[in-house]
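A.B. asks: Next comes the sequence, and after it the predicted model I'd like to discuss.
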Amino acid sequence: MGLTGLEIYKQLPKKNCGECGTPTCLAFAMNLAAGKATLDACPYVTPAAREALESASAPPIAKVILGTGDRAVEMGDETELFRHDKRFYHEPVVAVEVADALPEEEILNKVRSINDLVFERVGQRYQVEAVAVRHLASEPEAFAKAVSLVADNSPLNLVLVAEDPAVMKAALPAVANRKPLIYAANAANYEAMTGLAKEHECPLAVKGGSLQELADVVDKITALGYKQLVLDPGARDISRAIADFTQIRRQAIKKRYRTFGYPLMAFTTAQDPLMEVLEAVDYIAKYASLVVLRTAAKAHFLPLLSWRQNLYTDPQVPIRVEEKICEVGEVNENSPVYITTNFSLTYYSVEGEVEASRIPSFIIPVDTNGLSVLTAYADGKFEAEKIAAVMKKLGIETRVRHRRVVIPGTVAVLKGKLEELTGWTVLVGPREASGIPSFARSQFA
Amino acid sequence: MPVQILKEKSRAAVQTVTLGATPEQGGTRSHTVTIGGDAALPFHHFEGEIPHRPVVAMEVQDIEPEWPEPLKKCFAGVMKEPGRWAEKCVREYGADLIYVKLDGADPEGANRTVEQCVATVKEVLQAVGVPLIVVGCGDNEKDKELLEAVAEAAAGENLLLGNAEQNNYQSLTAACMVHKHNIIARSPLDINICKQLNILISEMNLPLNRIVIDPSIGSLGYGIEYAYSIMERTRLGALQGDKMLSMPVLCTVGYEAWRAKEAYAPVTNFPGWGDVEERGILWEAVTAAAMLQAGAHVLLMRHPKAVALVKENIDRLMVNNAY
């Protein structure tokens, strides 16, 4: 997305003075384009040129940080409309809402449930990162009380939802050091809200009733000198929200429209909590950097957080599992041994089917740099020598009494060599993981 | 500054494919179902027409399948009778189509005869008025014979038949030509093979508007992101005018989702994962919702509650969002 060396060169003074440490302006421009130099090294660049170059080299979507310390999460700083063009970088923050109108005990119960939305699956850890406190109570002072209660009982990041600046002002100081998101500035209250955000250096959400209204409020706030913003175009229907989010993302990336160059946020609205999850799935797919839900049930978040993780994986870097002896079920010294690769999809497909065979087994994922079986074989990373060495290194012979090992059907050709190197009997398994249960029943039952 | 809406005009649209045939058209269906025709990215009504909503086909098998308990209990008492099973899916659960999976034909499994399987298809045709998708058991030899027999026995019904694969498409394509059915072209999560297979099938003169792509998705948590990106690229290709990527897309959502242990493992085994019932429903529904965002036209699904959620999701996504 950045400028080319020649485009940068046109803006430079072309004196070739060498004071930047590079002999010519053209060479300096090339270094700038490659990110190997900064404009500060040039003493003669004009202010106009500096502004043009800086705005062109700034990321199309600003990075905005919610929270502080270990819990801080980055939102925005995205560069693509489609993950296949490069990747999506910063997983959206998932927050759960609690209303200040609830009795204290119910607030505490919900906060405990939210704190507990942490999951382990396929060797990864997923979690909900924030609690949103919404002002619904009729008495204004309920908000500050609820915010402090939540802050005292949760280490998670905070989103403060109250559009009356007086209510916000009463609650914010006590938790400002946690860098909560202030929700929200709108056409009516933006001056006061921006003042609060500036004073406490907290990120500020901006809400508009339409794209135009949103753009107008954002421009007014940036004119006041504040740029730690998160955008809410106000749409609560999925179809409208997806259109608005797509417009905002497209204009920020393709047109470099600075007004829309900030992360986006969405609220689910469905009454059925399962439907809320589908709304959140859509918002995560279509560019939201923060999604606020009301449900706090574990069964609802494992699917949602898995989707977030899947969508934000780097398409160019396969996910790997650790090369070790993995146990499926209650294994013993007679359990079968399967060999596969450490590409996580390959490994977990095999693991799922071995589990489905209901015969406790060992699986050894050989480190192939995350390549699948055939790709790794074609690339010379999944050969008899390598497999034999890994079996030896991990000491599988001390874990089982038998000497039989199963290799994937697609690399049947490795059988002879592997038998020669290990002295084990090599069984050729099915070509697809889905064939493992029937293979296992015929071989090991 | 006034906000300028950015619209991207497409050079072409996704093919439309019509499934089923009414008595006037030579079949016995109460109505037909048309899919595809999208002239924009999924649900971008603001920049191109999306004339037909994505549809949900509910799965019925010829033998009682080994599905997880939370799923089976939704079909208690009808799983041994495909006709009644299908009727329940349409009447009670609102299935747009019925997907008949003839797993019982598998020579390694129940090994039902071709005649028995054809009888199952006829039973389902009798029981419901919606168009049918019929897919074999996956054994190449058996499926060749089986699908030819189904194609002939259901001539005129304008079925969607599968699966044609790169090394095994000729007999099914010929059967679809002779008996006027539509074909599922299944490729192994590879856009080049997908395109190649569409070329091979169309070179046998089956019109493009009788082909549906099955990209072999992975479920949520098991490679869904690969399918997501391949489907996005397929749609972009279709909109840019690549005819050989322009067919509607079908996703085997139920089969993939219910294979994942996250969908069925009891909470006693994974105390941190929460209630298995809703977790399973969502594993399937989230897989479907994600595929809709990537451009799915036909979702093959199993759990009635997941189907209801996804149909509501589709209703809401089909609301016009023009500026």
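C.D. replies: Okay, I see it. Residues are numbered from 1 along each chain as shown, chains lettered A, B, ... in the order given.
A.B. asks: Every contact and neighbour count from this point should use C-alpha atoms.
C.D. replies: OK.
A.B. asks: Wait, a strand at residue A:405?
C.D. replies: Yes. Counting by DSSP: H, G, I helix; E, B strand; the rest coil, residue A:405 is part of a strand.
A.B. asks: how close does it sit to chain B?
C.D. replies: Taking C-alpha to the nearest C-alpha, to the nearest Å as the measure, residue A:405 falls 24 Å from chain B.
A.B. asks: Check residue A:84 too.
C.D. replies: Counting by C-alpha to the nearest C-alpha - residue A:84 and chain B are separated by 6 Å.
A.B. asks: How about residue A:60?
C.D. replies: In terms of C-alpha to the nearest C-alpha, residue A:60 sits 16 Å off from chain B.
A.B. asks: Which residue ranges of the stretch 151-300 of chain B form strands?
C.D. replies: Here the stretch 151-300 of chain B has its strands, by DSSP state E, counting those that start in this stretch, at B:160-164, B:182-186, B:211-214, B:250-251, B:298-301.
A.B. asks: Which neighbouring elements make contact with the fourth one?
C.D. replies: In other words, strand B:250-251. With contacts defined as 3 or more C-alpha pairs under 8 Å, 6 or more residues apart in numbering or on different chains; DSSP states H and E, the packing partners of strand B:250-251 are strand B:211-214, strand B:298-301.
A.B. asks: Which of the helices and strands in the chain ranks last by mean pLDDT?
C.D. replies: You didn't pick a chain, so chain A it is. Using mean pLDDT, DSSP states H and E, the weakest-scoring helix or strand in chain A turns out to be helix A:47-57, at a mean of 78.
A.B. asks: nope, chain B please
C.D. replies: For chain B, judged by mean pLDDT, DSSP H and E, that is helix B:261-264, with a mean of 92.
A.B. asks: And the contacts of it?
C.D. replies: Here helix B:261-264 makes contact (C-alpha atoms under 8 Å, 6 or more residues apart in numbering or on different chains) with A:352, B:68, B:70, B:257-258, B:273, B:276-277, B:279-284.
A.B. asks: could you redo those residues as CSV and give each row distance to residue A:368 and pLDDT?
C.D. replies: Formatted as CSV, those follow (distance: C-alpha to C-alpha, whole Å; pLDDT from 0 to 100):
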residue, distance to residue A:368, pLDDT
A:352, 20, 85
B:68, 34, 93
B:70, 38, 92
B:257, 27, 97
B:258, 29, 95
B:273, 31, 95
B:276, 35, 96
B:277, 37, 96
B:279, 33, 98
B:280, 33, 98
B:281, 35, 98
B:282, 33, 98
B:283, 30, 98
B:284, 31, 98
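A.B. asks: Would you mind listing what in the stretch 101-250 of chain B touches chain A?
C.D. replies: The stretch 101-250 of chain B has residues B:220-226, B:229, B:232-233 near chain A, with proximity defined as C-alpha under 8 Å from any C-alpha of the partner chain.
A.B. asks: mind running it again at 10 Å?
C.D. replies: Selection of the stretch 101-250 of chain B residues close to chain A by C-alpha under 10 Å from any C-alpha of the partner chain yields B:108-109, B:218-226, B:228-230, B:232-233.
A.B. asks: Name all residues that make contact with the closest residue to chain A within the stretch 51-200 of chain B.
C.D. replies: Going by C-alpha to the nearest C-alpha, chain A is nearest to residue B:108 of the stretch 51-200 of chain B, at 9.0 Å. Shown in contact with residue B:108 (C-alpha atoms under 10 Å, 6 or more residues apart in numbering or on different chains): A:438, B:139.
A.B. asks: The same query, at a cut-off of 7 Å, please.
C.D. replies: Going by C-alpha atoms under 7 Å, 6 or more residues apart in numbering or on different chains, residue B:108 touches no other residue.
A.B. asks: Residue A:72 now?
C.D. replies: Applying C-alpha under 7 Å, 6+ apart, we find residue A:72 in contact with A:65-66.
A.B. asks: Same check on residue A:205?
C.D. replies: Neighbours of residue A:205 in contact, by C-alpha under 7 Å, 6+ apart: A:181-185, A:229-232.
A.B. asks: And for residue B:143, the neighbour number?
C.D. replies: Counted with other C-alpha atoms under 10 Å in any protein chain shown, the neighbours of residue B:143 add up to 23.
A.B. asks: thought it was touching residue B:134?
C.D. replies: No. Taking contacts as C-alpha atoms under 7 Å, residue B:143 lies outside contact range of residue B:134: 11.1 Å.
A.B. asks: Next one, pLDDT for the closest residue to residue A:185 other than its chain neighbours please.
C.D. replies: Leaving aside its sequence neighbours, residue A:185 sits nearest to residue A:206 (C-alpha to C-alpha, 6 or more residues apart in numbering or on different chains; 4.7 Å). pLDDT for residue A:206: 98.
A.B. asks: show me the contacts for whichever residue of chain A sits closest to chain B.
C.D. replies: Going by C-alpha to the nearest C-alpha, chain B is nearest to residue A:299 of chain A, at 4.3 Å. Listed by C-alpha under 7 Å, 6+ apart, the contact set of residue A:299 reads B:273-275, B:278-279.
A.B. asks: which of those come close to chain A?
C.D. replies: By C-alpha under 7 Å from any C-alpha of the partner chain, the members of the contacts of residue A:299 lying near chain A are B:273-275, B:278-279.
A.B. asks: Let's see the PyMOL selection covering just the buried ones among the residues you listed.
C.D. replies: Burial among those is assessed by 16 or more other C-alpha atoms under 10 Å in any protein chain shown; the matching PyMOL selection reads:
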select buried, chain B and resi 273+274+275+278+279
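A.B. asks: circling back: next, format the contacts of helix B:261-264 as TSV and append distance to residue A:216.
C.D. replies: Below are the contacts of helix B:261-264 laid out as TSV (distance: C-alpha to C-alpha, whole Å):
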residue	distance to residue A:216
A:352	53
B:68	53
B:70	51
B:257	44
B:258	48
B:273	44
B:276	47
B:277	46
B:279	42
B:280	44
B:281	42
B:282	39
B:283	41
B:284	41
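A.B. asks: Looks like residue B:181 contacts residue B:162 (just checking).
C.D. replies: No. When contacts are counted by C-alpha under 7 Å, residue B:181 is not listed as touching residue B:162 (10.3 Å).
A.B. asks: Checking my notes, the residue nearest to residue A:185 in a strand, right?
C.D. replies: Yes. Residue A:206 forms part of a strand when assessed by three-state DSSP.
A.B. asks: which residues does it form a beta bridge with?
C.D. replies: residue A:185, residue A:231 (DSSP bridges).
A.B. asks: still on that earlier bit, just send the helices and strands packed on strand B:250-251 back as CSV, with mean pLDDT and mean neighbour count too.
C.D. replies: As requested, those are arranged in CSV below (pLDDT from 0 to 100; neighbours: other C-alpha atoms under 10 Å in any protein chain shown):
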stretch, mean pLDDT, mean neighbour count
strand B:211-214, 98, 27
strand B:298-301, 98, 26
